[in-house]
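Colleague: my questions concern the predicted model and sequence given below.
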Amino acid sequence: MTTLTETPSNKNVSGQPGAVQQKVKASLGRRHRQEKLFRGLGLSAVLISLGLVALLFINIFAKGLPAFWQSAITLDIYFDPAIISISDKPVQQAAESDNDFRKRHIEWQTEIGFINFNRLILESLKQILPDGAAYPRDLQRIVTSGERFALRDMVVKDPSVIGKTLRLKLLTDANIDVWLKGNIDRSLPDHQQQLSARVRQWADQLAEQGRIKNSFSFALFMNPDSRSSLASAGLAGAFMGSFYMMLVVIILAVPMGVAAAIYLEEFAPKNKLTDLVEVNINNLAAVPSVVFGLLGASVFIGWFNLPMSAPIVGGLVLSLMTLPTVIIATRSTLKAIPPSIRQAALGLGASKMQAIFHHVLPLAVPGILTGAILGIAQALGETAPLLLIGMKSFVASVPGSPFDQSTALPVQIFLWQGNELRNFFETRTSAAIIVLLCMMISLNALAIWLRKKYEKRW
Amino acid sequence: MSNLSLMVVLLALMAIAYQLGMVRSRKVAAVNPGLRMHSRPHHYGMMVGLWAVLPAFFILLAWNWLAPGVIQGMVMAQLPPEIAAQGSNELRVVMRRIANLAGNFGVVSDAQNWELAAAAYLQALNNTSKLLLTGIMAAIAAAGLLAAIRNINPQLRARHQVERAMRVLLVLCSTIAILTTIGIVLSMVGETLKFFSFVAPADFFFGTTWNPRFSTVGVGEQGSFGLVPLMAGTMMIAFIAMLVAIPLGLMVAIYLAEYAPAKLRNTAKPVIEVLAGIPTIVYGFFALVTVGPFLRDMGMVIGLDIRATSALTAGVVMGIMIIPFISSLSDDIITQVPKAMRDGSLGLGATKSETIRKVVLPAALPGIVGAILLAVSRAIGETMIVVLAAGNSPSLTANPFEAVSTVTVTIVNQLTGDNDFASPQSLVAFALGLTLFVITLLLNVVALVIVRKYREQYE
């Protein structure tokens, strides 16, 4: 200790207020200010990040929520037999074969296809807009063009409506929705407006009369995408596409991932090869998703000749992407289960297989489910690989099987955000995003709930 | 029968065989009361099920692998000699036409007589092949089932057989991950080599203009495929993203790990991690509709000319996306630093922030660097944000307020356009993909090695 007497710190200890102690004291104010500053920086970083989450959600919800309601016009449609002049709906005769009947039915439908259902709508509009008769072109722009097919389908389903007058709620044109919601600047000069002055005035007038009302948009959920009739474009096709893909992911990625994890965690000998597999899985989890799209395009479509744009290919690609997530989650769950469980089973004479499948795996189910759900949520929101396997193409029908052409929810968002009618599709896209986010949040909430409910600390 | 119905039938057969095996084993046990059966009844059931279904299933796989080639060869042998003498590309078109005719797909206009004949032949062959396959599978399944049932006796080690089969299944599943990597590498290397037969590798890696044009018939007008502007755009956006994400993410991690009361930590951490779960297309839309116009207006106020879709927009939004990535990884790493180190520093009179800056952070630095590398690799591979918000203009610029293009955007553009799949315009996507794969692979491997070393250090 004697050698240390010269050092400044020792002088402090001796009780004499040395130069160093004074230096420390003098610096204290600055250092405490620094402490406060650092702490403040940390807190503001947290607040900024939380603020960004809030900003993102508020922004999307404020834009998208109004799109769940859409203007629709209430019209009394008279199914005029003079316009709908068709033969009776064919009924299968006792002696008729299925094929012949189908042929006759198709002929009947072709006949219906020639009928101008739009005239029913126009006639009805003329009743409430007396000055409309002179401007049929403007009148056409009130009701969206897809609604004539809704009328046709009503007749096909039940021909007895012919000759009756029904009070129906029809979607208005997308531009009218935009105008009435104020999503376009009302003061813009005429040539920049999408609608002519007359139609705009009609729209205001009808809205004032209560004929055009904002009502819940079932079209958004029930219809497939549409390009000719923008107001009736919906998410049904994309939703089914995503559903089929998730089905493929659940059937393929989850069992395979769990099996792989069981082998790697419980059976695999520790050697170079298993090390390689492990590094490989960690790497796959970080490979950019667009690379998986390239894999899908060249292997599944190029080599295996699977159909382009089909949910089965999308599901396969997403399965490969989700596999590492499931494997990693399952392995960490298996790792957390204490070896005493295995030893107890083995000690009572169970084989290794029996010990794992009868005793370890049941305990790991909640953890595996949590990992699987998070993987599925991630796959649900993935867009880039799907663009590369052709799911970007416009599909106007709801896919009936995983082998049909289809889009997916995130791809539908991508397609809609690029639509020319920005005023309408900005809100529509936000609404689609809300649907997607709600699905993802409920999946995540389910995972958290599972974890909370069954979590066991050993 | 189609493949799908064959598989359904196989599954049903497996269930039946399982029951048969169980019944048989019980009978055998009843007949030999003195002998103990080696395995439980359900093991015998599973064994019989496997014997009935697996061989037939392998036949199905092999048939689907080999039959199309054999059938195609037989049809080609029947073609008129002047048609068969054509090049492989023309032949492929011919075979596609014949297949369409045979499957009644679309109406092929003005089908020739020899085409119709070949189509009929193809159809007949296909039908025969299906019949033959169904027959062979039925015979083999029946043989396997009967042999397995007759084989049941008290000494038969059924459980061992079943467990061996399960083990093989587990091994197969764990090789899928490797197969995926091999598939990625092989498919991309193959297409990339094809691309390099059109464009010299040096022109690709060091070219400074990106102007692929459209597919052209002639060879002279090929366009230029220079990687440099795309790489520059990618790096610029990743850099901007890191400028946003590293300070915010790191400070969040430090605050939550060291200062925040448990209550704040338990709520703020999951909320910020929500950012990581949001699909990237949502970020892209947010950037395009909200952030881009906001930055442009801000620029106008200050007097800067900022494009609404620019490297800045994409970078800022990507930075927001990456915040939780950096914050949760760094959080884990900071909490792993032993408490003794903190206590030592605090005991010597250092303030908390001094302890963090001079003791905790240097100790955690390797791990944090690893986390940042992982985040960079993510930023480079991110696609949808840049597709929507970076402006897609492949010019070499150092101005972050200009529109740029990136590797990922170009992959999407080149493969989703109307290009022929065998043209350099499409093939370049695979060359870009391979480049991207190699870069992210290197970053990931380095990061994982660093993080793992760091973990071992404090374990």
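Modeller: Nice, thanks for sending it over. Residues are numbered from 1 along each chain as shown, chains lettered A, B, ... in the order given.
Colleague: when you work out contacts or count neighbours from here on, use the C-alpha atoms and nothing else.
Modeller: OK.
Colleague: for burial, what's the neighbour tally of residue B:96?
Modeller: 12 (other CA atoms under 10 Å in any protein chain shown).
Colleague: quickly find the element holding it.
Modeller: Secondary structure assigned from DSSP states H and E places residue B:96 in helix B:88-102.
Colleague: how much does the helix or strand just after that helix deviate in direction from helix B:88-102?
Modeller: Later in the chain than helix B:88-102, the nearest helix or strand by DSSP H and E is helix B:113-151. With axes from the mean of the first three to the mean of the last three CA atoms, to 10 degrees applied, the angle from helix B:113-151 to helix B:88-102 works out at 80 degrees.
Colleague: quick one on the thing from earlier: so which bits of the helix holding residue B:96 are buried?
Modeller: Residues of helix B:88-102 classed as buried: B:94-95, B:97-99, B:101-102 (neighbour count, 16 or more other CA atoms under 10 Å in any protein chain shown).
Colleague: now it, how far from the chain's geometric center?
Modeller: Distance of helix B:88-102 from its chain centroid, counting by CA atoms, centre = their mean, to the nearest Å, is 32 Å.
Colleague: CA atoms only: put that helix into PDB for me.
Modeller: Taking Å, rounded to 0.1, in the frame of the first residue of the first chain, the C-alpha atoms of helix B:88-102 are listed here in PDB:
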ATOM      1  CA  SER B  88     -35.600 -29.200 -80.100                       C
ATOM      2  CA  ASN B  89     -37.400 -25.800 -79.700                       C
ATOM      3  CA  GLU B  90     -39.700 -26.500 -82.600                       C
ATOM      4  CA  LEU B  91     -40.300 -30.000 -81.400                       C
ATOM      5  CA  ARG B  92     -41.300 -28.600 -78.000                       C
ATOM      6  CA  VAL B  93     -43.900 -26.400 -79.700                       C
ATOM      7  CA  VAL B  94     -45.200 -29.400 -81.700                       C
ATOM      8  CA  MET B  95     -45.500 -31.500 -78.600                       C
ATOM      9  CA  ARG B  96     -47.300 -28.700 -76.700                       C
ATOM     10  CA  ARG B  97     -49.800 -28.500 -79.500                       C
ATOM     11  CA  ILE B  98     -50.300 -32.300 -79.500                       C
ATOM     12  CA  ALA B  99     -50.700 -32.300 -75.800                       C
ATOM     13  CA  ASN B 100     -53.300 -29.500 -76.000                       C
ATOM     14  CA  LEU B 101     -55.200 -31.400 -78.700                       C
ATOM     15  CA  ALA B 102     -55.100 -34.600 -76.600                       C
END
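Colleague: please list which of the buried residues of helix B:88-102 are also close to chain A.
Modeller: Here nothing survives when those are matched to chain A using CA under 8 Å from any CA of the partner chain.
Colleague: looking at those residues, spot the one nearest chain A.
Modeller: Within those, the smallest distance to chain A is 13.3 Å, found for residue B:99 (CA to the nearest CA).
Colleague: and the residue in the stretch 351-459 of chain B that chain A sits nearest to, backbone torsions?
Modeller: Chain A sits closest to residue B:381 of the stretch 351-459 of chain B, with a gap of 4.7 Å, by CA to the nearest CA. Main-chain torsions, residue B:381, degrees, to the nearest 10: phi -90, psi -10.
Colleague: with adjacent residues omitted, what lies nearest to it?
Modeller: residue A:288 (4.7 Å; CA to CA, 6 or more residues apart in numbering or on different chains).
Colleague: and residue B:386, by the same measure?
Modeller: Counting by CA to CA, 6+ apart, the nearest residue to residue B:386 once its immediate chain neighbours are dropped is residue B:314, at 5.7 Å.
Colleague: hang on, the one you found packs against residue B:390?
Modeller: Yes - if you go by CA atoms under 8 Å, residue B:314 and residue B:390 touch, sitting 5.3 Å apart.
Colleague: residues that sit against both of the two, list them.
Modeller: When contacts are counted by CA atoms under 8 Å, 6 or more residues apart in numbering or on different chains, residue B:314 and residue B:390 have no shared neighbour.
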